[in-house]
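1. with the input below, show me the fold.
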Amino acid sequence: MPAKVNLRTGKIIGAKKGSFAWWHEKGHLIYDDSDEGINDGVKQNYSMYCLLIFLVLGQFIFLFKILSIMGVIMLLYYFFKEEFWCNMYAEKQMRKKKK
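-> Now for the predicted structure:
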């Protein structure tokens, strides 16, 4: 079972405390509480709403198909940005642990 975190409660399951996966999930908690994480979360939500609207309108007008593709790219950007941030956080914590 892959590691998971409940952002509301802070509970991490599927990872041994202190492992890379545990620190990665802990990074999600920290990122989610940071100004950058909050702003990115709002942008990701708006991107999702716009994507859904553009997908529907794209059935009728070609321009909205292009905007839908841009919406998908934005969603993927914010997803991978957070994952990369959490991986870097986990690596930093693991390096501290080795010292």
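
2. tally of neighbours for residue 92?
-> Applying other C-beta atoms under 10 Å, we find 12 other residues in the vicinity of residue 92. The way it works is simple: take the backbone N, C-alpha and C, and place the C-beta from them, glycine included.

3. just read off the phi/psi values of it.
-> Backbone torsions for residue 92, taken as degrees, to the nearest 10, come to phi -60, psi -40.

4. show the contacting residues for it.
-> With contact set as C-beta atoms under 8 Å, 6 or more residues apart in numbering, residue 92 has no partners.

5. so where do the helices sit in the protein?
-> Assignment of helices within the chain using DSSP state H yields the ranges 20-33, 35-57, 62-98.

6. need those in CSV with mean pLDDT and distance to residue 12, can you?
-> As requested, these are exported to CSV (pLDDT from 0 to 100; distance: least, C-beta to C-beta, whole Å):
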stretch, mean pLDDT, distance to residue 12
helix 20-33, 96, 5
helix 35-57, 95, 17
helix 62-98, 94, 12
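
7. winner for burial among the ones you listed?
-> When you average the neighbours per residue for each of the helices of the chain (mean count of other C-beta atoms under 10 Å), helix 20-33 leads with a mean of 19.
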